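In: coordinates only, sequence not included:
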C-alpha cells in the first residue's frame, strides 16, 4: 500500500538508503537531511514530499521524495527513489514512481525532472526510467565528478 | 573594478535586478532572498557567492551570484548574472562572467552549469553564453511554464 510516511518511518528510510551500495555516504546523508527538514517544516514549507510503499506487515519497502522546482509553474524534481535491495526488480519502484506521478498531477504538476548518473552501475536505473516512459534529455559530461556524467530524464505528465 | 560586494550593496543589487524587464516579480524576489541568506549566513554556509563590478564613482554596475552544486565535486551553478540595463552590451557582463569563472577555479570548480530560458526575449542572453564559450547542452520543453523552455549551457573551466 502506498501512502505518505509516518514520522516514525525515518529510521527505516535511512536503512533502505544505506543498504543501496551505489549511493555514496554524502547521498545517504542528504536523504537524512531532507527527511529531517520535512519533519521540522512539513511538506509545503520544506518543499519535500514523500511517498512510501508498505508490505502486508506494515514495513516500508521503498520511498520517493519529490517537490516543486522553484521559479517554475508545474515542474517537479524527483529527488530520490529507493527500494529495499532485497526487493528490487519486484515492482515496488514502478508502483512508487507511478503513484508519485499521480500525486504530482494532483499538486498541479505538468513535468517531472529526474537527474541520475551516467556511470555503468546506474544502467539499471536509466533503463528503469526509460521503461517508465521517461525521455533521455541530456548527458552532461563530468558533472558529478571527473568521469561521472549527469543524465537528465523528463516526463510530461 | 570587480570585487565581492559590501553588505550595503543590497539595495543597488535589487535596483539593477528590478530594472531588467525580462525578470519576473518572482525572480526579483528570489535574488533578494539569496542576497539576504548570504548576508545572514555568509558565502560558505549559504552556498551563495557574489561578485560586483563598480564604476569609477563606486556605483555597482552589475553582479553575479554563483555557488557549488550539492552532491558534486567541482560543479558550480551560475544562479544570476545581471547588468544595469543602461550599460548592457558594454562589456560589464563579459568581465563579470570571466571573473566569476576565475573565482570558481580558485574554489576548486571544474564545470559551470547555467540554466536560462528558451523564450525569444532571452535570445541575447543565449548568444552571450555562446559567445563566452559555453556549450548548449539541452533544451527542456515547457520547463518554466507552458511555452517557456529551459536551456542548459555548460563550460568546462
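Out: Good, I have the coordinates. Quick caveat: nothing in here was measured; it's all calculated off a predicted structure.
In: tell me which parts of chain A are close to chain B?
Out: A:24, A:26-27, A:30, A:70-75, A:110-111, A:113, A:137-138, A:140-146, A:152, A:154, A:156 (C-beta under 8 Å from any C-beta of the partner chain). (C-beta placed from N, C-alpha, C; glycine too.)
In: which ones among these map onto strands?
Out: Among the residues of chain A next to chain B, the ones falling in strands (DSSP state E) are A:75, A:111, A:113, A:137-138, A:140-145, A:152, A:154, A:156.
In: give me the buried entries from the residues of chain A next to chain B.
Out: The neighbour count (16 or more other C-beta atoms under 10 Å in any protein chain shown) marks A:27, A:30, A:72-75, A:110-111, A:113, A:137-138, A:140, A:142-144, A:152, A:154 as buried among the residues of chain A next to chain B.
In: wait, what's in contact with the residue of chain A found nearest chain B?
Out: Closest residue of chain A to chain B, C-beta to the nearest C-beta: residue A:138 (3.4 Å). By C-beta atoms under 8 Å, 6 or more residues apart in numbering or on different chains, the residues touching residue A:138 are A:150, A:151, A:152, B:137, B:138, B:152.
In: from the residues you listed, pick the one nearest residue A:35.
Out: residue A:150 (23.6 Å; C-beta to C-beta).
In: what's across from the closest one in the sheet?
Out: Beta-bridge pairing for residue A:150 (DSSP bridges): residue A:117, residue A:140.
In: that one touches residue A:115, doesn't it?
Out: Yes - if you go by C-beta atoms under 8 Å, residue A:150 and residue A:115 touch, sitting 5.9 Å apart.
In: identify each buried residue in the strand or helix carrying residue A:17, please.
Out: Per DSSP states H and E: residue A:17 is located in helix A:10-18. Residues A:10, A:12, A:13, A:16, A:17, A:18 are the ones in helix A:10-18 that count as buried (16+ other C-beta under 10 Å).
In: now stretch A:85-103
Out: A:92, A:93, A:95, A:96, A:97, A:99, A:100, A:101, A:103.
In: so what's the residue count around the closest residue to residue A:39 other than its chain neighbours?
Out: Sequence neighbours aside, residue A:7 is the residue nearest to residue A:39 in space, at 5.9 Å (criterion: C-beta to C-beta, 6 or more residues apart in numbering or on different chains). Counted with other C-beta atoms under 10 Å in any protein chain shown, residues neighbouring residue A:7 total 8.
In: quick one: average confidence on stretch A:142-152?
Out: When pLDDT is averaged along stretch A:142-152, the result is 98.
In: what is the end-to-end distance of that stretch?
Out: 13 Å (C-alpha to C-alpha, to the nearest Å).
In: can you list contacts of it?
Out: Contacts of stretch A:142-152 (C-beta under 8 Å, 6+ apart): A:113-119, A:122, A:126, A:136-141, B:71-75, B:110-111, B:113, B:138, B:140, B:152, B:156.
In: ok, stretch A:71-78 next?
Out: So stretch A:71-78 is contacted by A:64-69, A:97, A:100, A:104, A:107-115, B:24, B:26-27, B:30, B:143-145 (C-beta under 8 Å, 6+ apart).
In: centre of the chain versus that stretch, how much separation?
Out: 14 Å (C-alpha atoms, centre = their mean, to the nearest Å).
In: kindly report the same for stretch A:67-84.
Out: 8 Å.
In: for stretch A:106-120, how far is the first residue from the last?
Out: End to end - C-alpha to C-alpha - stretch A:106-120 spans 35 Å.
In: repeat for stretch A:109-120
Out: Start-to-end, stretch A:109-120 (C-alpha to C-alpha) is 31 Å.
In: just the mean pLDDT for stretch A:34-48, thanks.
Out: 98.
In: wait, stretch A:106-116
Out: Mean pLDDT, computed over stretch A:106-116, is 98.
In: same check, this time on stretch A:57-72
Out: For stretch A:57-72, the per-residue pLDDT averages 97.
In: and it, how far out from the chain's middle?
Out: 6 Å.
In: returning to what we had before: so the residue of chain A closest to chain B versus residue A:123, what's the distance?
Out: Using C-beta to C-beta, to the nearest Å, residue A:138 is found at 17 Å from residue A:123.
In: kindly report the same for residue A:146.
Out: 19 Å.
In: which other helices and strands contact the helix or strand harbouring residue A:61?
Out: Element membership of residue A:61, judged by DSSP H and E, is strand A:60-68. For strand A:60-68, the packing partners by 3 or more C-beta pairs under 8 Å, 6 or more residues apart in numbering or on different chains; DSSP states H and E come out as helix A:10-18, helix A:25-46, strand A:49-54, strand A:75-83, helix A:92-106.
In: thinking again about what came up before, neighbour count winner among residue A:150 and residue A:115?
Out: Neighbours around residue A:150 and residue A:115, counted as other C-beta under 10 Å, are more numerous at residue A:150. The numbers are 23 against 15.
In: no further questions, thank you.
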